[in-house]
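>>> Sequence and predicted structure below; questions after.
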Amino acid sequence: MSAAGSDFVARALLTRRIVVCVGCGGVGKTTVAAALALEAARRGRRALVLTIDPARRLADALGTGPLGGEPRALPEAELRALGVPPDGSLSAVTLDMKRTFDGLVERLNDSAEARKRVLENPIYQHLSDALAGSLEYSAMEKVYELYERREFDLVVVDTPPSQHALDFLEAPTRLIEFLDSPIVHMLIHPAFSAGRLSFKLFQRGTRRVLQLIERVSGLSFLEDLSEFLLAFEGMAEGFRDRARKVRELLVSRESAFVLIAGPSPQSVPQAEEFLARLETHRVPLAGLVLNRMHLWPGTAAPLELSERELPGHQGALARALTGTGLEADAAAVAARAALEMATGYAALVRRDGEAVRPLEVRALSAGRFVVQVPELGDDVHDLAGLARVAEHMLQGEQREGAGRG
Amino acid sequence: MGGDPTRSLLTRRLVVISGKGGVGKTTVAAALALAGARAGLRVILAEVGPEESVPRLFEPRPRPVGYTGRELVPGLHAMRIDPYEALAEYLALQLGVRSLVDLVLGSRPFRQLMDASPGWRQLITLGKVWHLEQMRDEGGEPRCDLLVVDAPATGHGVSFLDAPRVVVSAVRAGPLRRHAAQVEALIQDAGRTLLLPVALPEELPARETSELVARVRSEVGIAVDRVVVNGLVSLPAEPKLDELASRLSQLDKTPLPGAPPGAVLAACVRYLAERARLGAHYAGEIARNTGLPVLCLPFLPAGIRDSGDLAGLAARLLDDAGAAPGIPA
């Protein structure tokens, strides 16, 4: 949008160690994250992009198969061709949620037996795939692991597409609250907690809850659950400590958040909610990337023709087209098609501009950068495509729309 | 997997609409519900998820419909299934004591347990859907003819539909298992129930839709017999667009307001032509990968402005059933 905005992007890429891309699904978050990482590499940093669920061709371009797990460096020759200097590098990794979570369990348990007990518990096996917020939690866990390894100057994170804004920030807290909750203690140590005075106050209600769950679910489920929690309990301290560190890192000066939004009617309200939630979490938002915008090619305002004047314009354009060697009839057909498509495209441009305006105003007035990236159709599935996205983000005032040469 | 693409969508009792956020899932659900209501059916349109998107498709100044719901147009009753409300209703039915249920649901430890527990939201939501399907009036006739469920946008929509099966396999006995089995039976009844996936003709949504259909077939056992592909750009048949673009590019200036260069018009033509080509390509890919007919809905640059636009889509949904117009092999 503005040259200052682009400077901001560039500075974030050069000074931070973590850039988190947030936004709802379908706005091209993965693409923007990968493009930012590539741009950091072009500026001489050792960059890594952590993706969640990339489109296949993009995953191919980044060399991350479905069974990633470990970062893979992109071939040097390809990167050099895109202007990455010798001290810069780009690696990519796709999050393997289950493995990350299992890895955490393994790290937090000293004894092999305790590890086994958790990993083999039927509830854990059933639920670790779907454990509330575990995708979000795993992403953040992986970020911290990569941060600690210090093999990369910058980790750009593509967050899970989540309907609830910022689940990944809140998931660790939710999990800890749960582990700390009286009901969990009741399940783990029913006899022990029953004797303690401080539990007396809620005990009646809690016992009723347990009875209720028993009546509805059958006792076996409660037994399995309690066994699972008991096995989990040994890890609670390490888990808590880890979650606190992740959170501290994310709100520190080493991290920056970038909000990605698209102009669709679903995306804009969700992005507004994200903005509000980021503020209440005091998360360091760097700026806003408006992705997949229909931008008008050329410098003038998008074409706008009134219905009444349309026949006149069509006639004039048809006459101009006869100058290119068309017969009058064919020129009339061509002029009608050209105007239909140009006004149709102009309507898209205006619609997108109006849709994102409230977001833009809000971000700019809070001192955040705003950059626009045009809708590039099917073009962004290789490194060159990512480089083009990065250029749009860093090109400041230059606007480019439908034109794709 | 059971299902019949030539059978009208309106002959099912339950149609679950699935798809990722932003593909137009809610619009398709609303259009189908409207089509049903216009055909004289009593329709319930149930949204699942944290916010309501249906009312704004019908009302210029949308008001929430809530858990009880209300009639948006004659014959179309819209509601949003909130898992906690559904849980309260279920427990009250099970225990017969609403005050105890309210006490329990209001307790903080219980909330914490539920907030952290996976799976129950999906299960209770489907339980409510089952309950709606079962409702009978005094004469023993079903209270509604068609139930359209706008499934959650998160994940592939499979975990939502799969919750009853997981419970049946994880819980050994008790009322919960019995109820989950009833819900599972409804989901798997191809005579009553259909899954209608909605996709955009783009790379990622096309792939996800193919994966969804594959997983649904292998795991959930719900009937799926067609896929809706939303947002296809259609183009004038004449002239050849490449040629048009290159002719336009020859004009330094066009005789239009502001005298834009011909290259600007050419860029618009190229963009839309490319988008139409990609749309047809990915719609074809979905048809090939799923082996299902694709039902194409047009791209609406201005979105849904009023119920007239919605009615247009509704007509397309029914007209085109089973056809795959313009999809190259």
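Received, thanks. Numbers count the residues shown, from 1 in each chain, chains lettered A, B, ... in the order given.

>>> residue ranges with poor pLDDT in the stretch 201-350 of chain A?
A:201-236 (pLDDT under 70).

>>> Report the secondary structure element holding B:Met64.
For residue B:64 the amino acid is Pro, not Met. Using DSSP states H and E, B:Pro64 sits in no helix or strand.

>>> which residue packs closest to it, ignoring adjacent ones?
B:Glu52 (5.5 Å; CB to CB, 6 or more residues apart in numbering or on different chains). (Each C-beta comes from the backbone N, C-alpha and C, glycine too.)

>>> so what's the one you found up against?
B:Glu52 makes contacts with B:62, B:64-65, B:80, as judged by CB atoms under 8 Å, 6 or more residues apart in numbering or on different chains.

>>> Out of those residues, which end up buried?
Among the contacts of B:Glu52, those classed as buried by 16 or more other CB atoms under 10 Å in any protein chain shown are B:65, B:80.

>>> Tell me the one among the contacts of B:Glu52 nearest to chain A.
Taking CB to the nearest CB as the measure, B:Pro62 is the one of the contacts of B:Glu52 closest to chain A, at 12.4 Å.

>>> So the closest one, which state does it fall into?
Following DSSP: H, G, I helix; E, B strand; the rest coil, we place B:Pro62 in the coil state.

>>> pLDDT at it, what is it?
According to the prediction, B:Pro62 has pLDDT 89.

>>> same question, B:Val269
93.

>>> Can you list phi and psi of the closest residue to B:Val228 other than its chain neighbours for me?
Distance criterion CB to CB, 6+ apart; nearest residue to B:Val228, sequence neighbours excluded, is B:Val198 at 4.6 Å. Backbone torsions of B:Val198, given as degrees, to the nearest 10, read phi -120, psi 140.

>>> Same question for stretch A:346-365: list its buried residues.
So for stretch A:346-365, counting by 16+ other CB under 10 Å, buried means A:346-353, A:355-356, A:359-360, A:362-364.

>>> ok, and which of the residues you listed reach chain B?
Residues of the buried residues of stretch A:346-365 in contact with chain B (CB under 8 Å from any CB of the partner chain): A:346-348, A:351.

>>> So which of those residues are in helices?
Among those, the ones falling in helices (DSSP state H) are A:346-348, A:351.

>>> which pair in those residues spans the largest distance?
The largest separation in these, counting by CB to CB, is between A:Ala346 and A:Arg351 at 9.6 Å.

>>> Any stretches of the stretch 51-200 of chain A with poor pLDDT?
A:53-57, A:64-68, A:97-98, A:101, A:121-137, A:161-200.

>>> All the strands of it, residue numbers only.
Here the stretch 51-200 of chain A has its strands, by DSSP state E, counting those that start in this stretch, at A:72-73, A:89-94, A:154-158.

>>> I'd like the ones you listed laid out as a markdown table, including distance to chain B.
Listed next are the strands of the stretch 51-200 of chain A as a markdown table, based on distance: least, CB to the nearest CB, whole Å:
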| stretch | distance to chain B |
| --- | --- |
| strand A:72-73 | 21 |
| strand A:89-94 | 14 |
| strand A:154-158 | 13 |
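
>>> and the residue lying closest to B:Val101 once chain neighbours are set aside, what element?
Nearest non-adjacent residue to B:Val101, counting by CB to CB, 6+ apart: B:Leu91, 4.5 Å away. Assigned by DSSP H and E, B:Leu91 falls within helix B:83-95.

>>> Return the list of helices and strands in contact with that helix.
helix A:197-217, helix B:98-105, helix B:120-134 (3 or more CB pairs under 8 Å, 6 or more residues apart in numbering or on different chains; DSSP states H and E).

>>> still on that earlier bit, hmm, B:Val104 and the residue nearest to B:Val101 touching each other?
Yes: using CB atoms under 8 Å, B:Leu91 is in contact with B:Val104, at 7.5 Å.

>>> quick one on the thing from earlier: which members of the contacts of B:Glu52 are the farthest-apart pair?
Pairwise distances across those peak at 12.2 Å for B:Pro62 and B:Arg80 (criterion: CB to CB).

>>> Run a quick neighbour tally on B:Glu138.
For B:Glu138, the neighbour count with other CB atoms under 10 Å in any protein chain shown is 5.
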